[in-house]
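Novice: 3D, please:
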Amino acid sequence: MSAISKTLKTTPSSQVLSVAAGCFWGVEYLYKKHFKDQIIDTKVGYANGTASNPDYKLVCTGSTNHAETLQVSFEPSKVSYRTLVDFFFVMHDPTTVDAQGPDIGTQYRSAIFTHSEEQEKIAKEALEYAQKKWYPNDKIVTKIEPIKTFWDAEEYHQQYLIKNPERHLCPTHFIRTTPK
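Specialist: Model prediction:
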């Protein structure tokens, strides 16, 4: 299985960001809204679990250890990996273990799945910065690990909040402007 969505649009010079920050609907929505002219494409899916070709129902049992994950393809000449990772730390609460708001379970954990040693280095630097600036009184629990597998979520999950504007974001998905 590939570590990058087979349906994610990329270019020869693009890179991929893979992040888990709770419900992937809100994560995708905020990245698309905030970086609309700077990213190429997004896909939501399930990363780094134990089951082959999992579906939403199976992932929600908590038995697969998959994380609801967003993959973003981007051109480094338009937006940096560091900028996208810094955004990750202010668009969700990285201090809660296996939970975001009312969503609880390992599939809702906070994680950055890296695609290279350089991404790992940048992610760790961004975590240290976010810990000092945004979360001085609460420990960030975000896991940083290499991406091993990524399975696209079902089509109805792709761009869900854009297709269903009457739905709402998880209460922890918003852009923080002051430290926690």
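
Novice: wait, isn't Thr11 in contact with Asp41?
Specialist: No: shown here, Thr11 and Asp41 do not form a contact pair, counting by Cβ atoms under 8 Å, at 9.9 Å. From N, CA and C alone the C-beta is placed, and that goes for glycine too.

Novice: Of those two, which one has the most company?
Specialist: When Thr11 and Asp41 are compared for neighbours, Asp41 comes out ahead with 17 against 11, by other Cβ atoms under 10 Å.

Novice: would you say the more buried one is within a strand?
Specialist: Yes: according to DSSP: H, G, I helix; E, B strand; the rest coil, Asp41 belongs to a strand.

Novice: quick one on the thing from earlier: give me the common contacts of Thr11 and Asp41.
Specialist: Residues touching both Thr11 and Asp41 by Cβ atoms under 8 Å, 6 or more residues apart in numbering: Ser73.

Novice: my read: Ile140 touches His92, true?
Specialist: No: if you go by Cβ under 8 Å, Ile140 and His92 don't touch, sitting 10.9 Å apart.

Novice: Comparing these two, which residue is more hemmed in?
Specialist: His92 (28 against 16).

Novice: Show me the residue sitting in the middle of this protein in space.
Specialist: Val19 (2.5 Å; Cα atoms, centre = their mean).

Novice: what about that one, which SS state?
Specialist: Here Val19 is recorded as strand under three-state DSSP.

Novice: My read is that it contacts Thr69, right?
Specialist: Yes: the criterion here is Cβ under 8 Å, and Val19 meets it with Thr69 at 6.8 Å.

Novice: which neighbours do the two share?
Specialist: Both Val19 and Thr69 are contacted by Ala111, Phe113, under the criterion Cβ under 8 Å, 6+ apart.

Novice: Which residue comes closest to Phe150 once chain neighbours are left out?
Specialist: In space, and not counting its chain neighbours, Phe150 is closest to Ala47: 4.9 Å by Cβ to Cβ, 6 or more residues apart in numbering.

Novice: Distance of the residue nearest to the centre of the chain relative to Thr61?
Specialist: 23 Å (Cβ to Cβ, to the nearest Å).

Novice: which intervals of this protein have sub-threshold pLDDT?
Specialist: 1 (pLDDT under 70).

Novice: residue ranges for the strands of it, please.
Specialist: Remark: strands assigned in the chain by DSSP state E are 15-21, 39-47, 67-74, 99-100, 103-104, 110-114, 143-146, 150-152.

Novice: Contacts only, for the residue nearest to the residue nearest to the centre of the chain when sequence neighbours are not counted.
Specialist: Residue nearest to Val19 in three dimensions, not counting chain neighbours: Phe88, with 5.0 Å by Cβ to Cβ, 6+ apart. Phe88 sits next to Val19, Ala21, Pro94, Ile112, Ala126 when contact means Cβ under 8 Å, 6+ apart.
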